[in-house]
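Colleague: sequence first, predicted model second:
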Amino acid sequence: MICWRCQTVNSDFAVFCSKCGSPLTRKPAGQKWKSPWLVVAASGLVLLGVAAILFVVLSRRPPAGGAPTPEPPAAEAAAETGPTLFVPGEVVVGDPAAFRMSRSAAAAIGAGWVATPAWALFGGTEIRFREEDGPDIPLEQGFWNEGAPVVLWKLTDALTGELSGFGPWKQDAPLLWRALAAGSAPLRVEAADPEPRGLYFSFTLPAEVMEAGVLFQAGRVVGWTFGEETVNGYLWAGPGEGDLAPALAAGQVFGFVAAAGREVGFFRALALGDEADAAERLSAFAQAFRSDPALRDEDLPARFRTAAIVGRMKALAEDLTRSGRARDVLRILDEGVLTAAADPELVKATVLAQARDQDYNRAIRYLDRLKKTVFDLGGVDASTVEPFRAQLYKDWLREILDKGGYFSVQVAYQEAEREFPDDPEIRILGVEVALAENNPEKARQLLRARDFPPLLKDRVDQLAARIKTQEDEQELVIPFNPAQNRIVLEARLNGTHRLRFLVDTGAMMSSIPSAAASALGIEVDQTAVRAVTTASGVILVYEVFLNSIDIMGYRVANMKVLLLDLPTDPSIGILGMDFLNNFRYEIDNQAGVFRLRKK
């Protein structure tokens, strides 16, 4: 018998070690004890296993103070979403007089409370709750305060089964959500940055929670989601269920909501349908904007939000303008409506109606006025319409060029260039203006004055070719009636004032009437007097100085002319040889054509 402690060999019949006195353990003869470190190692492994089991068990226990775990076990979540959390069903909102009815998913919670969004009541006069496969239960009393996004209704009839409680949301407890649809599983959600809204908190919903459902904590409903593309969820912040009582009759709730503001007007305008006249629908939307909003955009379905409504109004305005009813647009979309809508696109549609009803010149003036009223009062950045304003100038220039208004186009171009000096398209239109004035030299100067982007290269090349052609074949042709033996044309004085002239090859000096001198602000030099022979004899007239006389690009600068009112027509001037000698000219009396060419 070998002692396990000192390894001393003892008699097979010994009970205690003869050397150390330790008790002896019997084993089969010939078997030796292994090293004691194996025993120690095995004991250590057993202890580690026990410690691991204790760690897992203790980690599942709640920390001190009873705070809940971040994610409840599946069994606990299943218990919280039992059949008594809510009774699914639907609410039916109707107006029997108008034969109008809407349905939406809803649920009864707590001691028979049903929550609906305020917008669900638009256009209705009565509301009922219907449990699945159950009868309609009228909702006759509610709880609502002005501006609240949610209305609470109290059921008067009993429901199937006993429901879980309903109470205020607790920020330090996990929040779960479950859809009202049958068989839906609960989801853990975070109410990030909840905003106090009276008796509610609102928060932005995650994408996976965009349908009707309830929010709950520990088996108690604390909030709602309503679907219909709404982006907010609502958490109850009011008293507990036992301290909450309905305060208003259903008729009062509908009366308050119907008078709530802008959104009800949107509902009524949408209810007109596409079959109604476009002006009638636009007027209904505009009338709604004359009221203040009762709810926020994020509290509404997409179809009631401002952006969607303004988009409809813009489309209606454009349709009316295209169909020749631009004046209806201007009558309906006045500055008050545009200020309330505060939308640049709607302003643009209205300005284009002004351009169609009047002209681009008046449309630009109208837009400039709106920038000082609608944009400032509505809080809209006026710079957002500057590209549109530049386009108005371009359209204005093209319109004048198409109509052949060569004198007014010069004024329009000068204004457009002053407002948008770096716009290459306006500069190109300036080249076209110069060509329309038969002034290829100015056109070439404008074309060479700056570099144009590659996208405009084709137009630049075309204009360069037109300039060359006009330089090679430049000729001003003015028709006249040979029977009258009078050649009358129009010229521009000092670049601005337009005046009709009678061509007179027998007059050595040109003349202008006194009214033209006054319009140009020319001061008469009392010492500059010249004797002139007329049909009535010799008379004394004053000389005045002009910066230029310009006939569609045929221009003479720094001219002295006479100040003379013709007895037969005091509003006309005389174009004499002092102008004509600067060009080659030809009068074809047989064809009735006056030709003017540059030398």
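Modeller: Nice, I can see it. Numbers count the residues shown, from 1 in each chain.
Colleague: tell me how far Ala519 lies from Ile512.
Modeller: Counting by Cβ to Cβ, to the nearest Å, the gap from Ala519 to Ile512 is 10 Å. The C-beta positions use only the backbone N, C-alpha and C, and glycine is treated the same way.
Colleague: I meant to write Asp565 there.
Modeller: Distance from Asp565 to Ile512, by Cβ to Cβ: 9 Å.
Colleague: who has more neighbours, these two?
Modeller: Each of Asp565 and Ile512 has its neighbours counted (other Cβ atoms under 10 Å); Ile512 has more, 28 against 16.
Colleague: give the buried residues for stretch 531-548.
Modeller: Buried residues in stretch 531-548, counted by 16 or more other Cβ atoms under 10 Å: Val532, Val541, Tyr542, Glu543, Val544, Leu546.
Colleague: ugh, typo on my part, it should be stretch 592-599
Modeller: Neighbour counts over stretch 592-599 (16+ other Cβ under 10 Å) mark Phe594, Leu596 as buried.
Colleague: please apply the same query to stretch 489-505.
Modeller: If you call a residue buried by 16+ other Cβ under 10 Å, then stretch 489-505 has these buried ones: Leu489, Ala491, Arg492, Leu493, Asn494, His497, Leu499, Phe501, Leu502, Val503, Asp504.
Colleague: I figured the fifth one hits Phe545, correct?
Modeller: Going back to what we said before, that points to Asn494. No. Using Cβ atoms under 8 Å, Asn494 makes no contact with Phe545, being 10.0 Å away.
Colleague: quick one: list the elements packing against the helix or strand encompassing Asn361.
Modeller: Assigned by DSSP states H and E, Asn361 belongs to helix 360-378. Contacts defined by 3 or more Cβ pairs under 8 Å, 6 or more residues apart in numbering; DSSP states H and E place helix 360-378 against helix 335-341, helix 344-357, helix 386-403.
Colleague: do you know which of the ones you listed lies nearest Arg450?
Modeller: helix 386-403 (16.1 Å; Cβ to Cβ).
Colleague: next SSE downstream of the closest one?
Modeller: Next helix or strand after helix 386-403 toward the C-terminus (DSSP H and E): helix 406-419.
Colleague: show the average pLDDT along the helix or strand following that next one.
Modeller: With elements assigned by DSSP H and E, the helix or strand that comes after helix 406-419 is helix 424-436. Helix 424-436 comes out with an average pLDDT of 91.
Colleague: immediately after helix 424-436, which helix or strand?
Modeller: Sequence-wise, the next helix or strand downstream of helix 424-436 (DSSP H and E) is helix 440-448.
Colleague: what comes up buried for that next one?
Modeller: Pro440, Lys442, Ala443, Arg444, Leu446, Leu447.
Colleague: any chance of these in TSV, plus distance to Thr204?
Modeller: As requested, the buried residues of helix 440-448 are exported to TSV (distance: Cβ to Cβ, whole Å):
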residue	distance to Thr204
Pro440	64
Lys442	60
Ala443	59
Arg444	61
Leu446	54
Leu447	55
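Colleague: which one of those is nearest to Ala115?
Modeller: For the buried residues of helix 440-448, the minimum distance to Ala115 (Cβ to Cβ) is 68.7 Å, reached by Leu446.
Colleague: that closest one reaches Leu429, doesn't it?
Modeller: No. Assessed by Cβ under 8 Å, Leu446 is found out of contact with Leu429, at 9.7 Å.
Colleague: where does pLDDT dip in this structure?
Modeller: Low-confidence segments of the chain (pLDDT under 70): 1-83, 98, 158-161, 260, 405-407, 472.
Colleague: what's the longest strand in it?
Modeller: The single longest strand within the chain, with elements called by DSSP state E, is strand 537-551.
Colleague: tell me the contacts of Arg262?
Modeller: Neighbouring residues of Arg262 by Cβ atoms under 8 Å, 6 or more residues apart in numbering: Ala288, Phe289, Ser291, Asp292, Pro293, Ala294.
Colleague: oh, I was asking about Glu241
Modeller: Going by Cβ under 8 Å, 6+ apart, the list of residues near Glu241 reads Gly110, Ala111, Trp113, Gly165, Phe166, Gly167.
Colleague: switch the cut-off to 7 Å
Modeller: Going by Cβ atoms under 7 Å, 6 or more residues apart in numbering, Glu241 touches Gly110, Ala111, Gly165, Phe166, Gly167.
Colleague: do the same with Ala353
Modeller: Applying Cβ under 7 Å, 6+ apart to Ala353 gives the contacts Ala317, Thr321, Ala326, Val329, Leu330.
Colleague: follow-up on the earlier one: angle of the helix holding Asn361 against helix 386-403?
Modeller: Angle between the axes of helix 360-378 and helix 386-403 is 170 degrees (criterion: axes from the mean of the first three to the mean of the last three Cα atoms, to 10 degrees).
Colleague: just how off-centre is helix 360-378 within its chain?
Modeller: 18 Å (Cα atoms, centre = their mean, to the nearest Å).
Colleague: okay, that helix in PDB with CA atoms only?
Modeller: Extracted in PDB, the C-alpha atoms of helix 360-378 (Å, rounded to 0.1, in the frame of the first residue of the first chain):
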ATOM      1  CA  TYR A 360     -42.500  90.300 -70.600                       C
ATOM      2  CA  ASN A 361     -41.700  93.800 -69.700                       C
ATOM      3  CA  ARG A 362     -44.600  94.000 -67.300                       C
ATOM      4  CA  ALA A 363     -43.900  90.500 -66.100                       C
ATOM      5  CA  ILE A 364     -40.400  91.600 -65.100                       C
ATOM      6  CA  ARG A 365     -41.700  94.600 -63.300                       C
ATOM      7  CA  TYR A 366     -44.300  92.400 -61.500                       C
ATOM      8  CA  LEU A 367     -41.600  90.000 -60.400                       C
ATOM      9  CA  ASP A 368     -39.500  92.800 -59.000                       C
ATOM     10  CA  ARG A 369     -42.400  94.000 -57.000                       C
ATOM     11  CA  LEU A 370     -43.100  90.500 -55.700                       C
ATOM     12  CA  LYS A 371     -39.500  90.200 -54.600                       C
ATOM     13  CA  LYS A 372     -40.000  93.200 -52.200                       C
ATOM     14  CA  THR A 373     -43.300  91.900 -50.800                       C
ATOM     15  CA  VAL A 374     -44.000  88.100 -51.200                       C
ATOM     16  CA  PHE A 375     -40.300  87.100 -50.800                       C
ATOM     17  CA  ASP A 376     -39.500  89.300 -47.900                       C
ATOM     18  CA  LEU A 377     -42.800  88.700 -46.000                       C
ATOM     19  CA  GLY A 378     -42.800  85.000 -46.800                       C
END
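Colleague: so which bits of that helix are buried?
Modeller: Tyr360, Asn361, Ala363, Ile364, Tyr366, Leu367, Leu370, Lys371, Val374, Phe375, Gly378.
Colleague: what's that helix in contact with?
Modeller: Helix 360-378 is touched from outside by 335, 338-339, 342, 347, 351, 354-355, 382, 385, 389, 392-393, 395-396, 399, with contacts defined as Cβ under 7 Å, 6+ apart.
Colleague: and these, which are buried?
Modeller: The neighbour-count test (16+ other Cβ under 10 Å) marks 335, 338-339, 342, 347, 351, 354-355, 382, 385, 389, 392-393, 396, 399 as buried among the contacts of helix 360-378.
Colleague: about what we covered before: among the contacts of Glu241, which pair sits farthest apart?
Modeller: That would be Ala111 and Gly167, which, of these, are the farthest apart (Cβ to Cβ) at 11.1 Å.
Colleague: now Asn439: closest residue in space that isn't a chain neighbour?
Modeller: Spatial nearest neighbour of Asn439, chain neighbours left out: Gly553 (3.2 Å); criterion: Cβ to Cβ, 6 or more residues apart in numbering.
Colleague: just give the number of residues close to that neighbour.
Modeller: For Gly553, using other Cβ under 10 Å, the count is 21.
Colleague: name the member of the contacts of Glu241 with the most neighbours.
Modeller: Counting neighbours by other Cβ under 10 Å, Phe166 comes out on top of the contacts of Glu241 with 25 neighbours.
Colleague: isn't that one up against Ala108?
Modeller: No. The pair Phe166 / Ala108 is not scored as a contact, 9.9 Å apart, by Cβ atoms under 7 Å.
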